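Asker: any chance you could fold what I've pasted below:
(chains A and B)
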Amino acid sequence: SQTIHQWPATLVQPVGSPLSLECTVEGTSNPNLYWYRQAAGRGLQLLFYSVGIGQISSEVPQNLSASRPQDRQFILSSKKLLLSDSGFYLCAWSDWGGSADGDEQFFGPGTRLTVL
Amino acid sequence: GQNIDQPTEMTATEGAIVQINCTYQTSGFNGLFWYQQHAGEAPTFLSYNVLDGLEEKGRFSSFLSRSKGYSYLLLKELQMKDSASYLCAVRLTGGGNKLTFGTGTQLKVEL
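Answerer: Below is the predicted model of the structure:
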(Lines give C-alpha, C1' and ligand atoms only; values in the text may rest on other atoms or scores of the structure.)
Protein backbone atom coordinates (compact mmCIF):
# COMPACT_ATOMS: atom_id res chain seq x y z
CA SER A 1 0.00 0.00 0.00
CA GLN A 2 1.03 3.59 -0.49
CA THR A 3 2.10 5.89 2.32
CA ILE A 4 3.11 9.53 2.38
CA HIS A 5 5.40 11.11 4.94
CA GLN A 6 6.05 14.72 5.84
CA TRP A 7 8.46 16.25 8.27
CA PRO A 8 8.76 18.03 10.50
CA ALA A 9 5.28 17.88 12.03
CA THR A 10 5.59 21.32 13.59
CA LEU A 11 8.04 24.14 13.07
CA VAL A 12 8.53 27.58 14.60
CA GLN A 13 10.82 29.84 12.63
CA PRO A 14 11.81 33.53 12.89
CA VAL A 15 11.04 35.95 10.08
CA GLY A 16 13.83 35.97 7.53
CA SER A 17 15.03 32.46 8.24
CA PRO A 18 15.19 29.72 5.58
CA LEU A 19 12.72 26.86 5.25
CA SER A 20 12.90 23.29 4.03
CA LEU A 21 9.95 20.91 4.27
CA GLU A 22 10.23 17.40 2.94
CA CYS A 23 7.67 14.97 1.60
CA THR A 24 8.25 11.37 0.52
CA VAL A 25 5.90 8.79 -0.92
CA GLU A 26 6.24 5.03 -0.70
CA GLY A 27 4.57 2.23 -2.61
CA THR A 28 3.98 3.94 -5.94
CA SER A 29 5.96 5.06 -8.97
CA ASN A 30 5.87 8.31 -10.93
CA PRO A 31 3.19 9.95 -8.81
CA ASN A 32 1.92 13.47 -9.28
CA LEU A 33 3.00 15.47 -6.23
CA TYR A 34 1.45 18.59 -4.74
CA TRP A 35 2.16 21.21 -2.09
CA TYR A 36 -0.79 23.02 -0.49
CA ARG A 37 -1.04 25.65 2.21
CA GLN A 38 -4.02 26.04 4.49
CA ALA A 39 -4.21 29.25 6.48
CA ALA A 40 -6.23 29.23 9.70
CA GLY A 41 -9.93 28.78 8.90
CA ARG A 42 -9.29 28.83 5.17
CA GLY A 43 -9.40 26.37 2.30
CA LEU A 44 -6.50 24.60 0.69
CA GLN A 45 -4.43 26.68 -1.69
CA LEU A 46 -2.37 24.82 -4.27
CA LEU A 47 1.19 26.14 -4.26
CA PHE A 48 3.11 23.76 -6.54
CA TYR A 49 2.61 20.54 -8.40
CA SER A 50 4.94 18.16 -10.17
CA VAL A 51 4.28 15.48 -12.75
CA GLY A 52 7.86 14.16 -12.80
CA ILE A 53 11.44 14.57 -11.60
CA GLY A 54 12.59 18.14 -12.06
CA GLN A 55 9.18 19.26 -13.38
CA ILE A 56 7.65 21.92 -11.15
CA SER A 57 4.64 24.12 -11.85
CA SER A 58 3.97 27.10 -9.63
CA GLU A 59 0.40 28.14 -9.03
CA VAL A 60 0.81 31.23 -6.88
CA PRO A 61 3.57 33.86 -7.03
CA GLN A 62 5.34 33.90 -3.69
CA ASN A 63 8.70 33.61 -1.98
CA LEU A 64 8.47 29.82 -1.84
CA SER A 65 10.00 27.31 -4.23
CA ALA A 66 9.69 23.58 -4.76
CA SER A 67 11.97 20.87 -6.05
CA ARG A 68 11.64 17.21 -6.94
CA PRO A 69 15.10 15.67 -6.88
CA GLN A 70 13.82 12.08 -6.89
CA ASP A 71 10.68 10.39 -8.18
CA ARG A 72 9.03 10.15 -4.76
CA GLN A 73 10.55 13.14 -2.99
CA PHE A 74 9.12 16.66 -3.00
CA ILE A 75 10.70 19.58 -1.16
CA LEU A 76 9.26 22.99 -0.31
CA SER A 77 11.77 25.74 0.40
CA SER A 78 12.15 29.39 1.15
CA LYS A 79 15.25 31.54 1.47
CA LYS A 80 13.59 34.09 3.77
CA LEU A 81 10.33 33.43 5.56
CA LEU A 82 7.62 36.07 5.94
CA LEU A 83 4.98 36.30 8.65
CA SER A 84 2.37 35.52 6.00
CA ASP A 85 4.02 32.14 5.34
CA SER A 86 2.55 30.76 8.56
CA GLY A 87 0.06 27.97 7.97
CA PHE A 88 -0.55 24.27 7.64
CA TYR A 89 1.47 22.82 4.75
CA LEU A 90 0.18 19.67 3.16
CA CYS A 91 1.85 17.43 0.64
CA ALA A 92 -0.31 15.17 -1.52
CA TRP A 93 0.16 12.55 -4.22
CA SER A 94 -2.03 11.09 -6.90
CA ASP A 95 -1.81 8.88 -9.92
CA TRP A 96 -1.53 10.69 -13.19
CA GLY A 97 -5.20 11.59 -13.52
CA GLY A 98 -5.76 10.20 -16.94
CA SER A 99 -7.58 7.03 -16.03
CA ALA A 100 -11.29 6.46 -15.82
CA ASP A 101 -11.03 6.27 -12.03
CA GLY A 102 -11.06 9.26 -9.76
CA ASP A 103 -7.32 9.38 -9.18
CA GLU A 104 -8.00 11.18 -5.94
CA GLN A 105 -5.23 12.96 -4.10
CA PHE A 106 -3.94 11.46 -0.87
CA PHE A 107 -2.59 13.82 1.74
CA GLY A 108 0.32 13.57 4.10
CA PRO A 109 -0.02 14.43 7.82
CA GLY A 110 1.06 18.04 7.27
CA THR A 111 3.53 20.49 8.79
CA ARG A 112 2.26 23.30 10.97
CA LEU A 113 4.55 26.28 10.41
CA THR A 114 4.55 29.34 12.66
CA VAL A 115 6.66 32.29 11.61
CA LEU A 116 7.37 34.75 14.42
CA GLY B 1 -11.13 32.58 -12.10
CA GLN B 2 -12.47 29.59 -10.25
CA ASN B 3 -15.27 29.90 -7.71
CA ILE B 4 -16.46 27.15 -5.35
CA ASP B 5 -19.08 27.98 -2.71
CA GLN B 6 -20.04 26.02 0.38
CA PRO B 7 -21.84 27.06 3.57
CA THR B 8 -19.36 27.99 6.27
CA GLU B 9 -20.99 26.11 9.14
CA MET B 10 -23.76 23.60 9.78
CA THR B 11 -25.11 21.96 12.91
CA ALA B 12 -27.00 18.68 13.04
CA THR B 13 -28.18 16.14 15.61
CA GLU B 14 -26.69 12.71 16.19
CA GLY B 15 -28.61 10.08 14.21
CA ALA B 16 -30.03 12.61 11.75
CA ILE B 17 -29.31 13.25 8.06
CA VAL B 18 -27.46 16.32 6.83
CA GLN B 19 -26.89 17.62 3.30
CA ILE B 20 -23.89 19.83 2.53
CA ASN B 21 -24.18 21.76 -0.71
CA CYS B 22 -21.45 22.90 -3.07
CA THR B 23 -21.83 25.11 -6.14
CA TYR B 24 -19.04 25.77 -8.56
CA GLN B 25 -18.16 28.01 -11.47
CA THR B 26 -14.92 26.93 -13.05
CA SER B 27 -13.25 27.37 -16.41
CA GLY B 28 -13.23 23.59 -16.87
CA PHE B 29 -14.57 20.52 -15.15
CA ASN B 30 -13.24 17.01 -14.92
CA GLY B 31 -14.74 15.66 -11.71
CA LEU B 32 -15.75 16.69 -8.21
CA PHE B 33 -14.33 15.35 -4.96
CA TRP B 34 -15.44 15.50 -1.35
CA TYR B 35 -12.93 15.32 1.50
CA GLN B 36 -13.33 15.18 5.26
CA GLN B 37 -10.88 17.05 7.47
CA HIS B 38 -10.81 16.78 11.25
CA ALA B 39 -9.25 19.67 13.13
CA GLY B 40 -5.48 19.67 12.89
CA GLU B 41 -5.40 16.69 10.55
CA ALA B 42 -4.99 16.08 6.84
CA PRO B 43 -8.02 15.78 4.54
CA THR B 44 -9.19 12.26 3.74
CA PHE B 45 -11.00 11.30 0.55
CA LEU B 46 -14.73 10.58 0.78
CA SER B 47 -16.22 10.50 -2.71
CA TYR B 48 -15.84 11.30 -6.36
CA ASN B 49 -18.39 12.22 -9.06
CA VAL B 50 -17.70 12.87 -12.71
CA LEU B 51 -21.10 11.98 -14.21
CA ASP B 52 -24.49 13.30 -13.15
CA GLY B 53 -26.24 11.36 -10.46
CA LEU B 54 -25.80 9.86 -7.05
CA GLU B 55 -22.84 7.86 -5.77
CA GLU B 56 -23.42 5.96 -2.53
CA LYS B 57 -20.72 4.72 -0.15
CA GLY B 58 -22.14 3.45 3.11
CA ARG B 59 -23.44 6.33 5.22
CA PHE B 60 -22.10 8.86 2.72
CA SER B 61 -23.59 9.75 -0.67
CA SER B 62 -22.63 12.42 -3.15
CA PHE B 63 -24.68 13.91 -5.97
CA LEU B 64 -23.61 15.86 -9.03
CA SER B 65 -25.44 17.99 -11.58
CA ARG B 66 -22.96 19.29 -14.13
CA SER B 67 -25.51 21.47 -15.92
CA LYS B 68 -26.28 23.29 -12.67
CA GLY B 69 -22.71 23.36 -11.36
CA TYR B 70 -23.99 21.76 -8.17
CA SER B 71 -23.09 18.93 -5.86
CA TYR B 72 -24.10 17.80 -2.42
CA LEU B 73 -22.73 15.43 0.18
CA LEU B 74 -25.34 13.53 2.17
CA LEU B 75 -24.41 12.07 5.53
CA LYS B 76 -26.85 9.63 7.13
CA GLU B 77 -27.09 8.31 10.68
CA LEU B 78 -24.83 11.05 11.93
CA GLN B 79 -22.29 10.18 14.59
CA MET B 80 -20.33 12.47 16.85
CA LYS B 81 -17.14 11.52 14.99
CA ASP B 82 -18.63 13.09 11.84
CA SER B 83 -17.95 16.52 13.34
CA ALA B 84 -15.37 17.85 10.92
CA SER B 85 -14.83 20.17 7.98
CA TYR B 86 -16.08 18.90 4.62
CA LEU B 87 -14.23 20.15 1.56
CA CYS B 88 -15.61 20.25 -1.96
CA ALA B 89 -12.98 20.23 -4.72
CA VAL B 90 -13.22 20.46 -8.49
CA ARG B 91 -10.69 18.85 -10.79
CA LEU B 92 -10.01 21.17 -13.68
CA THR B 93 -9.34 20.13 -17.24
CA GLY B 94 -5.77 20.21 -18.44
CA GLY B 95 -2.73 18.46 -17.08
CA GLY B 96 -1.56 17.77 -13.57
CA ASN B 97 -4.76 16.36 -12.05
CA LYS B 98 -5.10 19.67 -10.18
CA LEU B 99 -7.85 20.35 -7.68
CA THR B 100 -9.42 23.66 -6.69
CA PHE B 101 -10.88 23.53 -3.20
CA GLY B 102 -13.77 25.36 -1.60
CA THR B 103 -13.21 26.84 1.85
CA GLY B 104 -15.02 23.94 3.51
CA THR B 105 -18.14 23.47 5.62
CA GLN B 106 -17.61 23.01 9.35
CA LEU B 107 -20.15 20.43 10.55
CA LYS B 108 -20.94 20.15 14.23
CA VAL B 109 -22.87 17.09 15.39
CA GLU B 110 -24.71 17.53 18.67
CA LEU B 111 -26.47 15.12 21.01
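
Asker: give the contact list for the residue of chain B found nearest chain A.
Answerer: Using Cβ to the nearest Cβ, the single residue of chain B nearest to chain A is residue B:97, 2.8 Å away. Just so you know, the C-beta spots here come from the backbone N, C-alpha and C atoms, and that holds for glycine as well. Residues near residue B:97 by Cβ atoms under 8 Å, 6 or more residues apart in numbering or on different chains: A:32, A:94-97, A:103, A:105, B:91.

Asker: make it 7 Å
Answerer: A:32, A:94, A:96-97, A:103, B:91 (Cβ atoms under 7 Å, 6 or more residues apart in numbering or on different chains).

Asker: same question, residue B:110
Answerer: Residues counted as contacts of residue B:110 (Cβ under 7 Å, 6+ apart) are B:11, B:13-14.

Asker: so where does the residue nearest the centre of chain A fall, helix or strand?
Answerer: Centroid-nearest residue in chain A, with Cα atoms, centre = their mean: residue A:35, separated by 2.6 Å. Assigned by DSSP states H and E, residue A:35 belongs to strand A:32-38.

Asker: tell me the angle of the helix or strand just after that strand relative to strand A:32-38?
Answerer: The helix or strand immediately downstream of strand A:32-38 is strand A:44-52, counting by DSSP H and E. Counting by axes from the mean of the first three to the mean of the last three Cα atoms, to 10 degrees, strand A:44-52 lies at 160 degrees to strand A:32-38.

Asker: any idea which helix or strand comes after strand A:44-52?
Answerer: strand A:55-58.

Asker: list the buried residues in that next one.
Answerer: By neighbour count on 16 or more other Cβ atoms under 10 Å in any protein chain shown, the buried set for strand A:55-58 is residue A:56.

Asker: what residue ranges in the chain score low on pLDDT?
Answerer: Because you didn't say which chain, this covers chain A. For chain A, applying pLDDT under 70 flags the ranges A:97-102.

Asker: sorry, should have said chain B
Answerer: Checking chain B against pLDDT under 70 turns up nothing.
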